[in-house]
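Q: When you get a sec, could you give me coordinates for this:
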Amino acid sequence: MTDLRIRTADNAERGRFEVSADEELAGYVTYSVRGAVLSLPHTEVEPRFRGRGLASALIGDVLDIARSRGLAVLPFCPFVSRYIAGHPDYLPLVPADQRARFGLDTAAHGRPSSAGTTGE
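A: From the prediction side, this is the model:
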């Protein structure tokens, strides 16, 4: 990652967590909350900020927030699903009976997830 000042903020009014780089909006992940479940359908990073690890930083922060709030996570976004597969400490956030749906049923065993691939 570069020397950017990165900050994650919950923009509840727009239904998304946003990542800023040097005080400029660089990307976001959309969300909805139903009961104690946080659904994450889409992650996007502005083209000129891609490749700097901002999406990974954002998703890590969002998953930490979900954990601190006691929320389960449904990673509909393929990037989020891949992130969880690569960081198995977040796997418990995804309900066990939902993991196969997101290609995470083998993630706990160290095998690659079958989730789709998209660029950061």
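Q: Can you report how many residues neighbour residue 66?
A: 21 (other C-beta atoms under 10 Å). Glycine gets a C-beta too; all of them are placed from N, C-alpha and C.
Q: wait, doesn't it sit right on residue 38?
A: Yes. Taking contacts as C-beta atoms under 8 Å, residue 66 lies within contact range of residue 38: 5.0 Å.
Q: anything in contact with each of these two?
A: Listed as contacting both residue 66 and residue 38 by C-beta atoms under 8 Å, 6 or more residues apart in numbering are 72, 73.
Q: can you give me the strands in the chain?
A: Remark: strands assigned in the chain by DSSP state E are 6-11, 16-21, 24-34, 37-45, 72-74.
Q: Of the ones you listed, which is nearest residue 57?
A: Minimum separation from residue 57 across those (C-beta to C-beta) falls at strand 6-11, 5.5 Å.
Q: The closest one vs strand 24-34, what angle?
A: Here the directions of strand 6-11 and strand 24-34 differ by 40 degrees (axes from the mean of the first three to the mean of the last three C-alpha atoms, to 10 degrees).
Q: in this structure, which spans are helices?
A: In the chain, helices defined by DSSP state H lie at 54-69, 78-86, listed in chain order.
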